[in-house]
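1. the sequence and its predicted three-dimensional model are supplied below.
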Amino acid sequence: MKKNHLTLKIFSLIVLNDIVDTIAQLIMKKGLVQTGISPVTLSNIAEFVTRNISSTLVWLGVLIYALNFFIWIIILYKIDLSIAMPVGSTSYIFVPLAAILFLHEYVCPIRWIGILCIILGIHFAAQSKKGAESESRGYG
């Protein structure tokens with residue numbers, strides 16, 4: 001089955017998927033931190049699991065991950081995995097921004113340089129399908 005090329009609709013769905021993933025990450029992090037257990041070691045892992053299994057935020061994060069899973073299934077049905085995965089890396093941009101805004105984390109300059117490299121990679125991955133289609137039709 002030939003997959004469609006990256007359209008604005010599919011790209012938007014991928015970005016939505018990454019936003020939902022970011023929300024799930026934030027909620028899970030918030031829920032896990034609320035246990036008050038730090039660091040997690042072999043000696044306290046049972047207590048860590050027990051506390052988190054009853055956490056509303058952890059369960060909410062799991063439910064949001066389930067939603068994310070179904071969005072991803074739709075994406076994979078519509079486009080090649082070799083395009084979806086690199087373009088889906090926008091969560092590497094959203095998560096640090098959300099962590100700064102909602103968790104008050106610090107992101108150092110070298111990490112921002114890495115994120116810029118990811119953005120460039122997303123751009124090139126999205127463009128690569130167009131080039132491959134042109135070459136296969138004899139336009140390249």
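-> Sure, I can see it. Given the structure is predicted, the values throughout are model-derived calculations rather than measurements.
2. CA only for contacts and neighbour counts going forward, please
-> OK.
3. list the contacts for residue 62?
-> Residues counted as contacts of residue 62 (Cα atoms under 8 Å, 6 or more residues apart in numbering) are 24, 28.
4. tell me which element it is part of?
-> Per DSSP states H and E: residue 62 is located in helix 56-78.
5. please identify the buried residues of that helix?
-> Of the residues in helix 56-78, 57-59, 61-62, 64-65, 68, 71-72, 75-76, 78 count as buried by neighbour count, 16 or more other Cα atoms under 10 Å.
6. what is the nearest of those to residue 87?
-> Nearest to residue 87 out of those is residue 75 (Cα to Cα; 11.1 Å).
7. please report the distance of that closest one from residue 90.
-> The spacing between residue 75 and residue 90, counted by Cα to Cα, to the nearest Å, is 14 Å.
8. and if you look at residue 48?
-> According to Cα to Cα, residue 48 and residue 90 sit 31 Å apart.
9. which stretches of this structure have low pLDDT?
-> Along the chain, the parts satisfying pLDDT under 70 run over 1-4, 128-140.
10. which residues touch the residue nearest the centre of the chain?
-> Centre of the chain computed as the mean C-alpha position; nearest residue by Cα atoms, centre = their mean is residue 91, 3.7 Å away. Applying Cα under 8 Å, 6+ apart, we find residue 91 in contact with 18, 19, 21, 22.
11. what ranges does this protein have for its strands?
-> Using DSSP state E, no strands are found in the chain.
12. now do the helices in it.
-> 8-33, 45-53, 56-78, 81-87, 91-103, 109-136 (DSSP state H).
13. for the ones you listed, which one sits closest to residue 39?
-> helix 45-53 (9.6 Å).
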